[in-house]
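Colleague: coordinates for the following, if possible.
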Amino acid sequence: MKYILNSAVITSEGVYEYRLITLDEMKHWLKNNDWVSTIGYEQTAESIEELTGIKVPVDRKIIKMEVGDEALVFRLVFPKGTKRIDPKQKGQLSKEFILENCEMGILKRLG
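Modeller: The predicted structure is shown next:
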């Protein structure tokens, strides 16, 4: 299975690998629409669409990755020393803020 996540979370016990990817790799990974979205915020989904041209549905689905599953992780990152956002701001960040503070990676369950 392939998923889209908004954080690099360990969804079940196992061995995982995480690597950063480029925007071109992200577009290639998304192009077949053979993935399930677990993106919980409209702004995040809109940011992915703005970067890739591919519409990503919002679905706060909970998943458990199995061996061989992989996930595209599109998450917020902040410069060292920067405070995290206030939890009250979740779901209220602008697309511009997200696009300026994002990271893309692939999380794969190996074992």
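Colleague: C-alpha from now on. contacts and neighbour counts both.
Modeller: Noted.
Colleague: what lies in contact with stretch 71-84?
Modeller: The contact list for stretch 71-84 (C-alpha atoms under 8 Å, 6 or more residues apart in numbering) reads 2-8, 26, 29, 48, 98, 101-108.
Colleague: buried subset of those?
Modeller: Those of the contacts of stretch 71-84 that meet the buried threshold are 2-8, 26, 29, 48, 98, 102-108, by 16 or more other C-alpha atoms under 10 Å.
Colleague: filter the contacts of stretch 71-84 down to the ones in strands?
Modeller: Judged by DSSP state E, strands contain the following of the contacts of stretch 71-84: K2, Y3, I4, L5, C102, E103, M104, G105, I106, L107, K108.
Colleague: which pair of these spans the longest distance?
Modeller: Distance extremes for the ones in strands among the contacts of stretch 71-84: the farthest pair is K2 and C102 at 20.2 Å, using C-alpha to C-alpha.
Colleague: how about the helices in this protein?
Modeller: Secondary structure of the chain (DSSP state H): helices located at 23-30, 42-52, 95-100.
Colleague: let me know which of those is the nearest to E17.
Modeller: Between E17 and the helices of the chain, the shortest gap by C-alpha to C-alpha is with helix 23-30, which sits at 16.4 Å.
Colleague: about what we covered before: pick the most buried one from the helices of the chain.
Modeller: Highest mean neighbour count among the helices of the chain (mean count of other C-alpha atoms under 10 Å): helix 42-52, with a mean of 19.
Colleague: what's the mean pLDDT across that helix?
Modeller: What helix 42-52 shows for mean pLDDT is 91.
Colleague: got it, and stretch 77-94?
Modeller: In the prediction, stretch 77-94 has an average pLDDT of 69.
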